[in-house]
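K.L.:
using only what follows, build the 3D model:
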Amino acid sequence: MTFTEFQSALAAHPEKNVRFAFPDGGLIAAHSHVTEVGQVRKDFMDCGGTLRSTAACVLQTWVATDEDHRLDARKLHGILQLAATHFPLGALEVEVEYEEDVVSQFPVTGAAAEGGELFFHLTTKHTDCLAKESCGVEEGCGCGPEGC
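P.N.:
The predicted structure follows:
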């Protein structure tokens, strides 16, 4: 889901509380905060020598002890509007950063309003070899402990 699509979902349901749903149906705590909005860019070289770049809008979530806190869509929309004045976020895909044992990032795949809540559905990220032809790795195979 792009930043623009994310913002549109928030604007369409300003009174609803924002929730983030994991692929397994679990949820980030209802009293979570979005503590950072960032444009994160990664420039890298794959194992075949090709220079690559990716960018995303990353929303860092944090769960505090104030269990009465709720983030509604209107407030998050305003926070994101302010961030958009500093970063070109419109076409970037949105990812939610969350810590549970380890810090992970989850791409947002869609939104659905149910009752008093606006759920943003998350998916998982996976590693991959981007230069399989250079490594001699067959499509669908991962690099083993020996590397590519």
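K.L.:
how about the lowest-mean-pLDDT helix or strand in the chain: buried residues?
P.N.:
Lowest on mean pLDDT, DSSP states H and E among the helices and strands of the chain sits helix 132-135, with a mean of 84. Across helix 132-135, burial judged by 16 or more other C-beta atoms under 10 Å covers K132, C135. In short, each C-beta sits where N, CA and C put it, glycine included.
K.L.:
do the same with stretch 71-89
P.N.:
For stretch 71-89, the buried set under the neighbour-count rule, 16+ other C-beta under 10 Å, comprises L71, D72, A73, L76, H77, I79, L80, A83, A84, L89.
K.L.:
now secondary structure too, for the residues you listed, in a markdown table please.
P.N.:
Formatted as a markdown table, the buried residues of stretch 71-89 follow (DSSP: H, G, I helix; E, B strand; the rest coil):
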| residue | secondary structure |
| --- | --- |
| L71 | coil |
| D72 | strand |
| A73 | helix |
| L76 | helix |
| H77 | helix |
| I79 | helix |
| L80 | helix |
| A83 | helix |
| A84 | helix |
| L89 | coil |
